[in-house]
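Engineer: Kindly generate the corresponding structure for this input.
(one chain, ligands or ions: 1)
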Amino acid sequence: MARKIGFLLILIVELVFSVQLSAQKVEPIVVSVEKPIAPIQSTMWGIFFEDINFAADGGLYAELVKNRSFEFAKPLLGWKIVKADATEGLLVLNRGESETNNPRYVRISRTNAEEKFGLENEGFRGMGIKKGMKYHFSLLARIQTGPSMKIRLELIGGEGAVIGSAEVVPGPGDWKRYQVDFTSVEGDPKAKMVLWFEGVGALDLDMISLFPDDTWKNRQGGLRSDLVQLLADLKPGFLRFPGGCIVEGYELATRYQWKKTVGKLEERKTMINRWNTEFKHRPTPDYYQSFGMGFFEYFQLAEDLGAEPLPILSCGMACQFNSAEVVPMDQLEPYIQDALDLIEFANGPVESQWGKVRANMGHPAPFNLKMLGVGNEQWGAQYIERYQAFVRKIKEKYPQMTLVTGTGPSPDGKFFDFAAGELKRLHAEIVDEHYYAPSEWFLKNATRYDHYDRNGYKIFAGEYAAQSKSTVNPENKNTWKCALAEAAFMTGLERNADVVSLCSYAPLFAHVDAWQWTPDLIWFDNLKSFGTANYYVQKLYSNNKGSQVLPMLWNREPLTGQDGLYGSAAMDQRTDEIILKLINASNKEVKQSIRLDVRKQVSPKATLSVLKSNSTEDVNSLEQPKLVAPVEQVFTVQGKMIKAVLAPNSFSVYRIKVKK
Ligand code: AHR
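Structural biologist: Residues are numbered from 1 along each chain as shown. I've put the predicted structure just below:
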């Protein structure tokens, strides 16, 4: 009898549960268009740039010659002497650091005109040469003993064929820049450049450079256009630069110093890149910073992209994972002065000391800098103390400047809690939080900001990426599973746009042959590039930003993972469109109706972009760059109802026009 009652009870419970479940299923998701919750900042979705994985030199910065000024620790790294049977050859000379930031140059000496002598540059894991493309070859040269030597350039393709050539004959006098343009006859992703020297005498050379003509906006000596185009397509709200840990340096001496990255190219001091030695499993001995892409170029890029510039400066603390050096408080002044001078460089009148540098570089108009970051991933009391010193001095002179600070490398734990408490007490304006975590963390944390203090600081989700294995694991892949989890998490960022005002995935770029850190948003080789699944998630968010958050409720609750569903909604007041983002992170198809609570009529014709893939392990690649990429279709709204069919593991974005 007791068994029978027990069985009956179980049946009743199951019945009640299934009735509840089916009641939930028929309940539509409701979007209250007339009750916006908060404005969405124009800066909401942006870009984090760091020179890691050959992102600048060997990547975005289109220079093809590696170690063009012989300033790497090994002066001939990247170079090879060919036909070294010549009686005399090459000497590395040093003018002395007191003279210049670019002390080294090479002297080619020849006494026998019959012998062949050449200097070969391997490029950044080869040189990507396009067929029929114009190239600009330039160098600084000086004849030491004459009359003169002819320099014959040859681009050599994989099969040993000459795929491009040019000649330069330096004239008499002191150091001069020479340039010759030529067109390649064939293409090759891994060509090399050989300079043959003909005649006798001694010739000094420096700043040996080769650029393609098709740089972004056709600026000579500029940026790789395919890579900038991928950034432009994101329509980013801000550009954070130059990092990342590169800001801090392994030690203080190798911190990023913006003043050494502006002005004439040959006066920018080449320095080791901190990612050169960071990971024993990914050593990159040929990774240096030429600063051909320096602070002027970052500001210019931000302007080109229509993004707010967000420079991050050293706060007098080297990377705490490395040397952890800190500058004593009574010696912090030059670091703060760098920040004040940077504001003048960006915004100051052309008559000011640093405004003049900007104008001389070709940009008399200000860059309109509004935000500045103090330190990258710092932690502990020593950070708070230094941050406060920066705030005092900067606010005194530039009260309108918004300062960005951070809570260290983790989104929780004792360093995080300490920093968060202190920064709240100090009324910090924008606080940078970083999360590199498994995809499960991202799914679980879609509610992270639902209960954040509405009267405290604003959040900059400054570095995030789901890790398929574990953080800094070289096996990490940009899987669809990771990207989908990020999309789910980002519904929580969008829903809380009253607290969260800037967000960026990190890192941004990686060269397929020269990376140190994975996963990354965009991958490239010497000629091609592609956006990852994560890139398309970012793009769907930033291209469908909207201007106000709308309530989107299911059974009176936000969609934060019930039955694997995540969602957020926005209104774009500029275009009068309702934008819905829905993530189905489950393995089954979900049919779900959505009701739009809106006074006006909506257009029956809506657009739907769907990002999905056959397997959650799918990744984009050079061979299959769009395996996971959004597909757009037209969608019919029935009255004010949407009958959504959400494929398993998919991300859908609906845009519905409200009629006038
Ligand atoms: O994005 C890679 C690194 O991760 C950044 O340099 C640093 O800020 C973080 O630890």
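
Engineer: any idea how the chain splits into domains?
Structural biologist: As given by automatic domain parsing, the domain ranges for the chain are 47-62+216-548, 79-212.

Engineer: looking at those, which is buried most?
Structural biologist: For the domains of the chain, average neighbour numbers computed from mean count of other Cβ atoms under 10 Å are highest in domain 47-62+216-548, which has a mean of 20. No exception for glycine: its C-beta is placed from N, CA and C like everyone else's.

Engineer: Between its first and last residues, how far does it reach?
Structural biologist: Criterion Cα to Cα, to the nearest Å; first-to-last residue distance in domain 47-62+216-548 is 21 Å.

Engineer: tell me the contacts of residue 270?
Structural biologist: Residue 270 sits next to 69, 71-72, 102, 288-291 when contact means Cβ atoms under 8 Å, 6 or more residues apart in numbering.

Engineer: and the gap between it and the ligand?
Structural biologist: As for residue 270, its distance to the ligand is 20 Å (criterion: Cβ to the nearest ligand atom, to the nearest Å).

Engineer: lowest-confidence stretch among the domains of the chain?
Structural biologist: Sorting those by mean pLDDT places domain 79-212 lowest, at a mean of 93.

Engineer: Export the domains of the chain to JSON lines and append columns for distance to residue 564.
Structural biologist: JSON lines is the format used below for those (distance: least, Cβ to Cβ, whole Å):
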{"stretch": "domain 47-62+216-548", "distance to residue 564": "9"}
{"stretch": "domain 79-212", "distance to residue 564": "42"}
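
Engineer: how about a markdown table for the contacts of residue 270, with distance to residue 644 and secondary structure added?
Structural biologist: Shown next, in a markdown table, are the contacts of residue 270 (distance: Cβ to Cβ, whole Å; DSSP: H, G, I helix; E, B strand; the rest coil):
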| residue | distance to residue 644 | secondary structure |
| --- | --- | --- |
| 69 | 58 | coil |
| 71 | 58 | coil |
| 72 | 56 | coil |
| 102 | 60 | coil |
| 288 | 51 | strand |
| 289 | 48 | strand |
| 290 | 51 | coil |
| 291 | 50 | coil |
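
Engineer: closest to residue 386 among those residues?
Structural biologist: Closest approach between the contacts of residue 270 and residue 386, by Cβ to Cβ: residue 289, at 24.1 Å.

Engineer: need the contact list for the closest one.
Structural biologist: Residues near residue 289 by Cβ under 8 Å, 6+ apart: 51, 56-57, 246, 270-273.

Engineer: Also residue 301?
Structural biologist: 223, 228, 231, 239.

Engineer: same check, this time on residue 371
Structural biologist: Counted by Cβ under 8 Å, 6+ apart, residue 371 has contacts 238, 308-310, 401-404, 430.

Engineer: Could I get the contacting residues of the residue nearest to residue 161 when sequence neighbours are not counted?
Structural biologist: Distances taken as Cβ to Cβ, 6 or more residues apart in numbering put residue 186 closest to residue 161, at 6.7 Å, once the chain neighbours are dropped. Each residue near residue 186 by Cβ under 8 Å, 6+ apart is listed here: 129, 131, 157, 161, 163-164.
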